[in-house]
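Asks: pasting the sequence and the predicted model now:
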Number of protein chains: 4
Amino acid sequence: MQDKITIAILGASGYTGAELIRLLLAHPHARIALLTGDSQAGKPIGEVYPHLAAKGLPDLVSLEQAQYAGIDLVFCCLPHGTTQTVIAGLPAHVRIIDLSADFRLADPKQYAAWYGHAHQALALQKEAVYGLSEIARAAIAKARLVANPGCYPTCALLPLIPLLKSHVIRGEGIVIDAKSGVSGAGRAARQANLFTEIDGGVSAYGIAAHRHTPEIEQALALAAGSEVALTFTPHLMPMSRGMLATIYVQLAEKNTADDLRKLLLAAYAKEPFVHILPQGIAPATQQVRGTNDCVMNVFADRIPGRAIIVSAIDNLVKGASGQAVQNMNLMFGFEETIGLQLTSLFP
Amino acid sequence: MQDKITIAILGASGYTGAELIRLLLAHPHARIALLTGDSQAGKPIGEVYPHLAAKGLPDLVSLEQAQYAGIDLVFCCLPHGTTQTVIAGLPAHVRIIDLSADFRLADPKQYAAWYGHAHQALALQKEAVYGLSEIARAAIAKARLVANPGCYPTCALLPLIPLLKSHVIRGEGIVIDAKSGVSGAGRAARQANLFTEIDGGVSAYGIAAHRHTPEIEQALALAAGSEVALTFTPHLMPMSRGMLATIYVQLAEKNTADDLRKLLLAAYAKEPFVHILPQGIAPATQQVRGTNDCVMNVFADRIPGRAIIVSAIDNLVKGASGQAVQNMNLMFGFEETIGLQLTSLFP
Amino acid sequence: MQDKITIAILGASGYTGAELIRLLLAHPHARIALLTGDSQAGKPIGEVYPHLAAKGLPDLVSLEQAQYAGIDLVFCCLPHGTTQTVIAGLPAHVRIIDLSADFRLADPKQYAAWYGHAHQALALQKEAVYGLSEIARAAIAKARLVANPGCYPTCALLPLIPLLKSHVIRGEGIVIDAKSGVSGAGRAARQANLFTEIDGGVSAYGIAAHRHTPEIEQALALAAGSEVALTFTPHLMPMSRGMLATIYVQLAEKNTADDLRKLLLAAYAKEPFVHILPQGIAPATQQVRGTNDCVMNVFADRIPGRAIIVSAIDNLVKGASGQAVQNMNLMFGFEETIGLQLTSLFP
Amino acid sequence: MQDKITIAILGASGYTGAELIRLLLAHPHARIALLTGDSQAGKPIGEVYPHLAAKGLPDLVSLEQAQYAGIDLVFCCLPHGTTQTVIAGLPAHVRIIDLSADFRLADPKQYAAWYGHAHQALALQKEAVYGLSEIARAAIAKARLVANPGCYPTCALLPLIPLLKSHVIRGEGIVIDAKSGVSGAGRAARQANLFTEIDGGVSAYGIAAHRHTPEIEQALALAAGSEVALTFTPHLMPMSRGMLATIYVQLAEKNTADDLRKLLLAAYAKEPFVHILPQGIAPATQQVRGTNDCVMNVFADRIPGRAIIVSAIDNLVKGASGQAVQNMNLMFGFEETIGLQLTSLFP
């Protein structure tokens, strides 16, 4: 185990890149040596993100100029669809955590169907480990390439995987109604994401068509041991961070909501980041703002045979950069919670 | 038909009272003659609501001091559980629109079960008409006492009633995941509703236990011709106004989401306030801010045999005071849209 | 006086254009016949602004395709710097209200100095009337071309002009510290105006360099009868609408803050849109949301010889489209308040 | 120097108490042993603040039940006016950082004039050190009782003290226009601070009458060596955290805004928490969210002889609990930045 690892962040000018920097600056074993940002190459990061000025960070360089000698770990924060050849071209000595969706789907056909083009790095895709930390610890620790999960999948999978694995809920008829802060949409200048367009309103989007759907289904099928098809509706909230998933499930015979709650309590009893709230208490994203935590709870539905699960994360932390750091800790043998023992910024 | 009716608002110091005033000030046939507000009695309304100063409104009086001579219509905006004896004591010549939940449930047993005490005005309860304007026009027109629907019921029932009536969806397994602005919680000083507690976060509340549930089920059972039990989860959004319901339904045999959409288009073709959006366009509460409109749409789910319906209103307008004015128009023979031809305050 | 005037809006796809449409839809004497929007030409306005769908509005056309036969009035909502030749090319029979800054400065040298290029329509510039409705009623009524005031100037000038005219305050040392909602920045997709960049924070911008400065100084010099140079600092607030100006002034000899307040009370006693609040009550933008009102008040400073004035408007209404409609009413002989008797959308 | 100090927080159920807990949980030399909260006594802190559950914190006790044996340091977060006898009654071995205003004013007459009653602990008042960390390091290090500065004073004094000390600006005519997030108003349930009342609007309050005025003037008089009377207007912003002060000053003869900027650069060159931004860049509260930083800059005014200073902090951190921890570090000989090397939570 090295005391300090040397890190590159590709695509550091986006929100997940900036969030990685925030977390790594407080990490005792991390040294940020390389930041790329093609459209901003040559600028100090403090010009792109004033809150990151005066932190001793390297200037942004273009991807082309990036030198990987001495780099132990690359975080790849590039947009979906652009990382496959980039990652395929990285030298063999670097390990990689990819925050895009490019290596999350194991089935090339499914990738092609949802993303509209054939995968460009099939060999790597096979090798990539889906990095839901609590579920795949051992594999992550040994992986060269970790596909960091999406925010919606993380929020939904953490409660659903143990339940499906134990067959206390049915694989059919799962409905995930998810609510996300706007930072998930990234920092690109888009009219739809202007303050004036978002403030004071909520809306649904990508109804029955969001690309995180196959990612969730793939992980649930693995847990259940059989195909899972589900309903997933994302919504946009007038807030910057935070994600809440309200999940409607059908109980497998004789189980109760309380059984589900107890099973989750047991499954996550020793987990530092996953918390089942006291009976009857509803999760709120305010509890996890800026942290790597996932809080969840289970409620009996009025309709017999059904239960309601609510789960909350910070989409930029446990839903992206925080889980990436957690995976880094696993990969390099650091204490898993290092750099991530955070308290919610409330209020 | 009178040219101007004379109006009293009981409980004018709450948000639905203030919203009624906003709408009635622009109504050519309305004259506000009496405003009550027990805790603020004696004050000009402009002291309680600065935006209502200098509008020629009467000062607040206590409920006890209220005089009903010459009053044609009473809007009752008092808290749930307090209106039954008040309304029972009103003189026979006044007609009443009650914005509380007190007269919405037809079954006294169900009222007692959900509200924890026996109903205090059983005779009136029988007489009350459930005032979902688009559905009960004729009865509303003749009613002495209209029970104005709740915000969540209005948002869910407008799409669901025509679909259940036509049996194109099944009565079982309906899931209503609803998102509301904070104004629905009223103006009482509560820590949970402070800006600092709400801003930047979302949460679920009243899971499987919200009192609007039996109200929705009662109306759906009437439409379906058989009992309906459903799943209803309300959520609190960091915004003042607006409500979005995402509704998951099972299609009755052979129907498609498109069939549902066409049925709603036909059902609401002539309605001034209910709009089915173009194919594929998702409703947003920004479209209806400050208006009496309900916008909705239907989407095919990925799971065969299911559809997703999204519906949006302004909880204070179509979900409360606007629908109350619409009902007033029906009761007094005014053009139904008078005073309600509003355009969303966007941005 | 015509019963209905026929209206064109050039640049209808921006926020001031959309706000004009909102107001004109409720105006009994207005008929919108032409909407231009170059980048969106050919689209129904409801595609660009979903809240304006189903209102019977014409589709967007390009500026080039615009036909002015039958048009009585053109509202020009184009970006600063682009309207001069457009307006110069309009047929003689149309009257024009320009919401850009292009015709607000009377001195061509000053225009060139602040906007970086020579004015392209000097003859028209001479003819243009600066349309601060309360101050220039008679001239506006007769004008062919009205230069609609900027939002910051409107908010600051309404209190300052009567005070400087009466010489109860000094022309030197005026400090205007102004706070604006984000809609003033328009609907163009800019990273700086993303929800995530704005939410939860405030900042100053254009310090001592904002182009509204000469506009304010020009109007104050006219009122004072001598040159006025002032300090003006705009700030961006995490809200969509609303503007508050906190103005620090020096009293001319022997005057008190109370004298100033009384003078404003007298000056605006008969004005329908300008309200001096009760003694000691501080203005808030919440009171004027969506309305054409300006609320203001005067406070004694702790430092002898100084006073603090606070003034609030909705930047999109009295600060732009509402004042434009008020000017339209003046130009066409309609009751000045028609279409503008609005109550704040609060909460 | 002890490795770990044992800490009590009196009034832990308010926002400054919760923020102290957040910061101290990440402090390697702090151990929280006692939390009081009279109205919530007996509850786990996680019931009062869900985000503080599962952190190994003691339950809340009443002030009366508090035991100070073994306590090294008391943070007092009680409301203004309630701490004087409490603090006077603390055992001699504890050191105290008081976050209320009770010990900030050195002159008992001024205290009585602004707070409406005679000071209850005059001897302690004399002993108290005004804890603006950067200015009073040596005295803080030795103090038993530190009066932690108010948020507005901290934000205004950090730029103004070095400038007045060097006589590059004049003591007369200083105008401080300050904008604050709502958390400064505390967690008490007040109608005025409901989400619905605050969202989407800004307002001024306490105009020329805010109790932070004498606190600012006292510190500036000390710096200038002569009395200072100033204009101070606080404003409420629709955001939870953050404070921006826009300060208008008159230059002492021959000085320029650039001279002021250079002087501040020199004065704070070695300070870890105070940052003068690059020339021309305006501070924004987004840069300091959740951090102990103060960012500032100086701008030339258009009026000769004047300058504009803008300064930003997080009101709950550098404006309250963060500075309290900084003072704790000074008092106990820890590295001043320990526990405070934070990066803004942006977005």
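Replies: Received it, and whenever you're ready, just let me know what you need. Numbering: from 1, shown residues only, chains lettered A, B, ... in the order given.

Asks: hey, where'd the strands end up in the stretch 201-347 of chain A?
Replies: Counting by DSSP state E, counting those that start in this stretch, the stretch 201-347 of chain A has strands at residues A:203-204, A:231-236, A:243-250, A:274-276, A:294-300, A:306-313.

Asks: so which of these comes closest to chain D?
Replies: Chain D lies closest to strand A:274-276 among the strands of the stretch 201-347 of chain A, at 6.1 Å (CB to the nearest CB). The way it works is simple: take the backbone N, C-alpha and C, and place the C-beta from them, glycine included.

Asks: list of residues touching the closest one?
Replies: By CB atoms under 8 Å, 6 or more residues apart in numbering or on different chains, the surrounding residues in contact with strand A:274-276 are A:134, A:158, A:261, A:264-265, A:268, A:293-298, D:53-54.

Asks: from those residues, which single one is nearest residue C:2?
Replies: residue A:295 (63.7 Å; CB to CB).

Asks: that closest one contacts residue A:312, correct?
Replies: Yes. Contact criterion CB atoms under 8 Å: residue A:295 and residue A:312 qualify, at 5.2 Å.

Asks: on that earlier part again, can I get the strands of the stretch 201-347 of chain A in a markdown table with distance to residue D:19?
Replies: Output for the strands of the stretch 201-347 of chain A, formatted as a markdown table (distance: least, CB to CB, whole Å):
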| stretch | distance to residue D:19 |
| --- | --- |
| strand A:203-204 | 33 |
| strand A:231-236 | 29 |
| strand A:243-250 | 24 |
| strand A:274-276 | 21 |
| strand A:294-300 | 20 |
| strand A:306-313 | 21 |
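
Asks: got these as JSON lines, with mean neighbour count and mean pLDDT columns?
Replies: Converted to JSON lines, the strands of the stretch 201-347 of chain A look like this (neighbours: other CB atoms under 10 Å in any protein chain shown; pLDDT from 0 to 100):
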{"stretch": "strand A:203-204", "mean neighbour count": "24", "mean pLDDT": "98"}
{"stretch": "strand A:231-236", "mean neighbour count": "24", "mean pLDDT": "98"}
{"stretch": "strand A:243-250", "mean neighbour count": "26", "mean pLDDT": "98"}
{"stretch": "strand A:274-276", "mean neighbour count": "23", "mean pLDDT": "98"}
{"stretch": "strand A:294-300", "mean neighbour count": "24", "mean pLDDT": "98"}
{"stretch": "strand A:306-313", "mean neighbour count": "27", "mean pLDDT": "98"}
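
Asks: flag every residue of the stretch 201-347 of chain A that's near chain D.
Replies: By CB under 8 Å from any CB of the partner chain, the residues of the stretch 201-347 of chain A that approach chain D are A:240-241, A:275, A:277, A:281, A:284, A:286-290, A:341-347.

Asks: show me just the buried residues among those.
Replies: Buried by 16 or more other CB atoms under 10 Å in any protein chain shown: A:240-241, A:275, A:277, A:281, A:284, A:286-290, A:342-347, out of these.

Asks: circling back to that earlier point, looking at the strands of the stretch 201-347 of chain A, which is closest to residue A:71?
Replies: Residue A:71 lies closest, by CB to CB, to one member of the strands of the stretch 201-347 of chain A: strand A:306-313, at 29.0 Å.

Asks: partner strands of that closest one, with direction?
Replies: Next to strand A:306-313 in the sheet, as set by DSSP bridges, lie strand A:243-250 (antiparallel), strand A:294-300 (antiparallel).

Asks: residue A:67 against residue A:34, yeah?
Replies: Yes. Residue A:67 sits in contact with residue A:34 when judged by CB under 8 Å, with a separation of 7.2 Å.

Asks: higher neighbour count, these two?
Replies: residue A:34 (20 against 11; other CB atoms under 10 Å in any protein chain shown).

Asks: just give me the neighbour total for the residue nearest to the more buried one when sequence neighbours are not counted.
Replies: In this structure, residue A:34 finds its nearest non-sequential neighbour in residue A:8, 3.7 Å apart by CB to CB, 6 or more residues apart in numbering or on different chains. Using other CB under 10 Å, residue A:8 has 25 neighbouring residues.

Asks: residue A:8 in helix, strand or coil?
Replies: Look at residue A:8: counting by DSSP: H, G, I helix; E, B strand; the rest coil, its state is strand.

Asks: doesn't residue A:31 make contact with it?
Replies: No. Taking CB under 8 Å as the definition, residue A:8 is not a contact partner of residue A:31, at 10.6 Å.

Asks: ok, for the residue in the stretch 1-150 of chain A positioned nearest to chain D, nearest residue in space, not its chain neighbours?
Replies: Ranked by CB to the nearest CB, the top residue of the stretch 1-150 of chain A for proximity to chain D is residue A:51, at 3.7 Å. Closest residue to residue A:51 apart from its sequence neighbours, by CB to CB, 6+ apart: residue D:344 at 3.7 Å.

Asks: tell me the contacts of that neighbour?
Replies: So residue D:344 contacts A:22, A:51, D:286-291, D:293 (CB under 8 Å, 6+ apart).

Asks: for residue A:31, phi and psi?
Replies: When quoted as degrees, to the nearest 10, the phi and psi of residue A:31 stand at phi -130, psi 120.

Asks: around residue A:189, count how many other residues there are.
Replies: Residue A:189, neighbours per other CB under 10 Å, totals 15.

Asks: oh, I was asking about residue A:27
Replies: Using other CB under 10 Å: residue A:27 sits among 20 other residues.

Asks: can you tell me how far it is from chain B?
Replies: Distance of residue A:27 to chain B, computed by CB to the nearest CB, to the nearest Å: 25 Å.

Asks: avg pLDDT for stretch A:316-325?
Replies: Averaging pLDDT along stretch A:316-325 gives 98.

Asks: any idea how far that stretch is from the chain center?
Replies: With CA atoms, centre = their mean, to the nearest Å as the basis, stretch A:316-325 stands 5 Å off its chain's centre.

Asks: okay, domains of chain A per the record?
Replies: Domain ranges of chain A: A:5-127, A:152-315, per automatic domain parsing.

Asks: need the winner for burial among those domains.
Replies: domain A:152-315 (a mean of 22; mean count of other CB atoms under 10 Å in any protein chain shown).

Asks: what about that domain, distance to the chain center?
Replies: 12 Å.

Asks: give the bridge partners for the residue nearest to residue A:34, please.
Replies: For residue A:8, the beta-bridge partners under DSSP bridges are residue A:34, residue A:74.

Asks: could I get the phi/psi values of the residue nearest to residue A:51?
Replies: The phi/psi pair for residue D:344 (degrees, to the nearest 10) is phi -50, psi 140.

Asks: how about residue A:49, phi and psi?
Replies: When quoted as degrees, to the nearest 10, the phi and psi of residue A:49 stand at phi -130, psi 90.

Asks: hmm, back to that, would you turn the domains of chain A into a markdown table with distance to residue D:308?
Replies: Output for those, formatted as a markdown table (distance: least, CB to CB, whole Å):
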| stretch | distance to residue D:308 |
| --- | --- |
| domain A:5-127 | 19 |
| domain A:152-315 | 25 |
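
Asks: now the helices for the stretch 1-150 of chain A?
Replies: Ranges of helices within the stretch 1-150 of chain A are A:15-25, A:45-48, A:83-88, A:108-115, A:122-127, A:137-142, based on DSSP state H, counting those that start in this stretch.

Asks: packing partners for the first one?
Replies: Spelled out, it's helix A:15-25. strand A:5-10, strand A:30-36, helix A:322-332 (3 or more CB pairs under 8 Å, 6 or more residues apart in numbering or on different chains; DSSP states H and E).

Asks: chain center to that helix: distance?
Replies: Using CA atoms, centre = their mean, the mean C-alpha position of helix A:15-25 is found 14 Å from that of the whole chain.

Asks: contacting residues around that helix?
Replies: Outside helix A:15-25, the residues touching it (CB under 8 Å, 6+ apart) are A:7, A:9, A:11-12, A:30, A:32, A:35, A:37, A:45, A:49, A:52, A:55, A:57, A:75, A:77, A:99, A:183, A:186-187, A:316-317, A:320-322, A:324-325, A:339-340, C:196, D:341, D:343-347.
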